[in-house]
Structure formats: C-alpha cells, structure tokens
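Participant: Dropping a prediction and its sequence here:
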Amino acid sequence: MDKQAVNPWQWQDNFSFSQAVAVSGGTQTLYCAGQAAISAEGQPLHPDDMAAQLGLALANLETVLHQSRYDWPHVVRLTVYTVDFDRLFQHYGLLEAKLANTSPKPVVNLLGVNRLVFPELLVEIEATAVK
C-alpha cells in the first residue's frame, strides 16, 4: 500500500494533519464509529474534564484499531466533534502525540456541535484506517 500526502500549502503542518491523503494498493479499510470518554460498560466518564475525555476517546479509538489489527500509522482520516473548541485546543497536543509517527499525517476535520449523545461529553473522534 502507498499513501501520499497532498498538501498544496504548509500551514497544516503546524496542526499535524494533511489536506488530503491519496491511497493506492490498500486491501482493507476500517471505518471506526465515533469514540468518546465512555467506559467499557457504556457509561460516560470525566464530566467537564476535556483533557481526560480526549485522552480516553483516543485510548478507546486505539483499542478499536488494535482489536482490528490496525495502528495509528494506518489512520488516514479523523473527524473530531467537540462542544468546545477553546478547551479542545488547550489539549490538542494529546492528539498530536498519537499522530507523531504517522506519515503522511491523516486528514483531520474539526466540527463544532451543540451536544453529543450524552450531554456531559465534550469530544468524540471517528477514524478511517487503511492497510
């Protein structure tokens, strides 16, 4: 499989994402549902704590990836939903750390929403991975 970043500009490098990723020769694609700060029993955790919620959402996404025999370098697209951009950006380094060893950087879309499935949730992340 070959993945190639399509970046007509360079400003996105400051935020650890690509404008587009062209994939050829991939044989499998994994579409992950949105992952949030939800326990294994389906209960929301860490109300009003963006750092803890973002960390657990990333950990839950990583669990789904690993269960399917994928890892962060396979991720080509992330969509991050948040009810509070300002608080998300204060902890964006948690996401950047997960993407540190990805090449090319995945496409990342940040979307503001009024609320998520549970009102105490602040962030949710979905992914597409290929290998």
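Facilitator: All right, it came through fine.
Participant: Confirm residue 60 sits in a helix?
Facilitator: Yes: assessed with DSSP: H, G, I helix; E, B strand; the rest coil, residue 60 lies in a helix.
Participant: Thought residue 33 was touching it, still the case?
Facilitator: No: between residue 60 and residue 33 there is no contact, the gap being 10.1 Å when judged by CB atoms under 8 Å. (Each C-beta comes from the backbone N, C-alpha and C, glycine too.)
Participant: Looking at those two now, which is surrounded by more residues?
Facilitator: A side-by-side neighbour count of residue 60 and residue 33, using other CB atoms under 10 Å, places residue 60 first with 20 against 11.
Participant: which ones are touching that one?
Facilitator: Residue 60 makes contacts with 35, 36, 37, 38, as judged by CB atoms under 8 Å, 6 or more residues apart in numbering.
Participant: which ones are touching the second one?
Facilitator: It stands for residue 36. Here residue 36 is in contact with 44, 53, 56, 57, 60, 116, 117, 118, 121, 123, 124, 125 (CB under 8 Å, 6+ apart).
Participant: Please identify which helix or strand holds the most centrally placed residue in the chain.
Facilitator: When CA atoms, centre = their mean is applied to the chain, the residue found nearest the centroid is residue 78 (4.3 Å). Using DSSP states H and E, residue 78 sits in strand 75-82.
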